[in-house]
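Chemist: Predicted model follows, preceded by the sequence.
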Amino acid sequence: MKSTVERLSPTRVRINVEVPFDELKPDFDRAYKKIAQQVNVPGFRKGKVPARIIEARLGRGVVLEQVVNDAIPTKYSEAVTSAEDVSPLGQPEIEVTEIADNERLAFTAEVDVRPEIDLPELSSLAAQVDEAAVTDADVDEALDNLRARFATLTGVERAAAKDDFVQIDLAASVDGEAVEEAQTSGLSYQVGQGGLIDGIDDAITGLSAGESATFPTTLVAGEYKDREAEVTVTVTAVKERELPAADDEFAQLASEFDTLEELTADLRTRLDRVRQMEQLTEARDKVLDALVDATEVPLPEGILKQEIDSRLHDAIHPFDHDEAKFAEFLEENGKTREEFDTEAREDAEKSVRVRLVLDKLADDQEVTVSQDELTERIVFQAQQYQMPPEEFVKRIQEAGQLGAIYADVRRSKALIAAVRAATVTDASGTALEMAELLGDDEPEQADEAPEKSAEKSDEKSAEKSDETTVDA
């Protein structure tokens with residue numbers, strides 16, 4: 001087999017392949033066997049029809065078509081493997097240019113390829129992140145959040161104010177006609193919480209038990225969606241939240257500690273760890289931005305188009321791919337289709353550019369991924385999708401996505417190498433020792449709230465759940 005490579009652009013090549021027919025003998029044998037299983041010829045058992053009979057009955061062209069279809073993927077792979085500096089991205093566009101029976105098969109394959117990328121010296125990268133200092137006020141806030149989980153509600157004889165808990169009845173009407181699905185009674189609501197009905201916080205503030213207020217609002221669901229309605233809210237009870245005293249007794253109630261001093265020290269330690277993880281996350285994002293900004297990356301148009309199409313599919317899929325519904329949704333959110341398309345392209349360009357840069361970095365750093373690292377990522381993603389790991393693995397294998405997860409882990413490890421080498425400072429100009437924050441492995445997710453320092457707090461707050469929702 002002979003093959004040559006023509007570089008059409010920095011991101012696309014044409015591979016010209018010529019295969020002598022004597023190399024196709026195994027493909028002809030497989031083709032005859034496959035066709036023999038599909039035809040019925042009197043006097044021959046199925047699958048035992050001789051090659052000459054197949055050609056006499058069906059013609060040589062049928063056999064050649066089967067041979068070509070079977071041989072091209074294999075020969076294309078061989079040509080790619082033998083080519084220097086060619087890393088295909090995506091599927092090739094194949095064109096058969098010649099079938100000279102008993103002489104040769106020739107075809108071309110055009111495919112996007114990974115462009116040549118020159119990365120900057122990692123030590124030249126710099127990023128500035130927020131300071132991670134934990135103040136006394138931060139610790140006090142964390143302590144108050146923990147105390148709030150053990151608070152009690154007490155009925156008061158006064159007007160409702162922000163952060164109070166109120167019990168309310170609601171009624172709504174449109175053009176004087178009652179809206180049944182908007183009627184409710186005995187609803188518990190915290191003033192200032194938001195997310196219920198636009199305008200309700202202003203209406204409730206200043207009302208005492210037994211008082212009502214009416215206000216206009218736009219309905220967001222139901223038969224009268226997007227219609228203006230008159231809503232009447234009646235306050236039937238006002239309660240304020242009382243926090244337990246911050247003392248040793250509370251520390252023993254809410255945590256494994258005996259004193260308030262021990263509890264607050266633990267809260268400070270946890271807050272410090274969370275801030276450091278936030279700092280590390282910010283450093284990774286900014287080092288990545290610095291790396292990509294400092295790198296010239298030609299974008300493969302085929303891969304870019306796939307990325308744009310994928311984003312459009314994900315955006316329009318919830319609307320059953322109805323363009324009119326999607327356009328209406330965009331209009332409701334103050335955006336035109338042209339603006340969406342522009343943003344989708346910009347986001348897709350950034351995503352492709354990042355992947356190409358990190359893949360190059362991983363190659364330069366000779367990054368590998370162990371089975372344990374791959375398994376850890378799969379388990380983590382399975383938890384995100386709330387699926388058993390075994391079922392998640394089965395689904396990603398069926399979808400052919402296992403390689404994508406492997407690539408993501410490899411890119412993450414490559415980025416960590418960049419963060420280690422970069423100069424990272426905080427807002428005051430102090431250089432941060434990223435190696436200390438990174439440790440030997442990839443950092444854990446920093447999503448634990450500092451008030452969870454109390455290992456017993458969840459259990460004890462559950463025990464007190466009935467107490468915190470009734471009048472004292």
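Modeler: Happy to help now that I have it.
Chemist: This protein: strands as residue ranges?
Modeler: 2-9, 12-20, 88-100, 104-113, 126-129, 152-155, 165-174, 177-178, 184-190, 212-218, 228-242, 423-426 (DSSP state E).
Chemist: Single out the most deeply packed of the ones you listed.
Modeler: Among these, the stretch with the highest mean neighbour count (mean count of other CB atoms under 10 Å) is strand 104-113, at a mean of 21. Every C-beta, even on glycine, is put in place using the N, C-alpha and C of the backbone.
Chemist: Pairing partners for that one, with directions?
Modeler: Using DSSP bridges, strand 104-113 pairs in its sheet with strand 12-20 (antiparallel), strand 88-100 (antiparallel).
Chemist: Taking strand 2-9 as reference, get the angle to that strand.
Modeler: For the pair strand 104-113 and strand 2-9, the angle between their directions (axes from the mean of the first three to the mean of the last three CA atoms, to 10 degrees) equals 30 degrees.
Chemist: hmm, who's touching strand 104-113?
Modeler: Surrounding strand 104-113, the residues in contact under the criterion CB atoms under 8 Å, 6 or more residues apart in numbering are 8, 11-21, 24, 67-68, 71-72, 75-76, 79, 86-99, 300-303.
Chemist: could I get that strand in CSV with only the CA atoms?
Modeler: What follows is strand 104-113 as a C-alpha-only set of coordinates in CSV (Å, rounded to 0.1, in the frame of the first residue of the first chain):
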residue,chain,number,x,y,z
ARG,A,104,-5.5,-1.4,-7.5
LEU,A,105,-8.0,0.5,-5.3
ALA,A,106,-7.4,4.2,-4.8
PHE,A,107,-9.2,6.6,-2.5
THR,A,108,-8.7,9.9,-0.7
ALA,A,109,-9.6,10.8,2.8
GLU,A,110,-10.0,14.4,3.9
VAL,A,111,-10.0,14.9,7.7
ASP,A,112,-9.5,17.6,10.3
VAL,A,113,-6.2,17.1,12.2
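Chemist: could you give me the average pLDDT of it?
Modeler: Taken as a whole, strand 104-113 carries a mean pLDDT of 95.
Chemist: Just send the strands paired with strand 104-113 back as TSV, with distance to residue 172 and mean pLDDT too.
Modeler: TSV is the format used below for these (distance: least, CB to CB, whole Å; pLDDT from 0 to 100):
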stretch	distance to residue 172	mean pLDDT
strand 12-20	60	95
strand 88-100	54	93
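Chemist: Mind putting those strands into TSV with distance to residue 32?
Modeler: Compiled in TSV, those are given as follows (distance: least, CB to CB, whole Å):
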stretch	distance to residue 32
strand 12-20	18
strand 88-100	17
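Chemist: ok, the residue lying closest to residue 360 once chain neighbours are set aside to residue 358 distance?
Modeler: In space, not counting the residues next to it along the chain, residue 360 is nearest to residue 117; the distance is 4.5 Å by CB to CB, 6 or more residues apart in numbering. Using CB to CB, to the nearest Å, we find residue 117 at a distance of 10 Å from residue 358.
Chemist: between these two, who's got more neighbours?
Modeler: Just comparing residue 117 and residue 358: by other CB atoms under 10 Å the higher neighbour count belongs to residue 358, 23 against 18.
Chemist: what's the lengthiest helix in the chain packed up against?
Modeler: In the chain, with assignment by DSSP state H, the single longest helix is helix 260-293. For helix 260-293, the contact count by 3 or more CB pairs under 8 Å, 6 or more residues apart in numbering; DSSP states H and E identifies strand 126-129, helix 136-148, helix 248-254, helix 337-364, helix 402-421, strand 423-426, helix 434-438 as packing neighbours.
Chemist: pLDDT weak spots in the stretch 351-472 of the chain?
Modeler: Flagging of the stretch 351-472 of the chain using pLDDT under 70 yields the residue ranges 439-472.
Chemist: mind running it again at 80?
Modeler: Across the stretch 351-472 of the chain, the ranges flagged by pLDDT under 80 are 435-437, 439-472.
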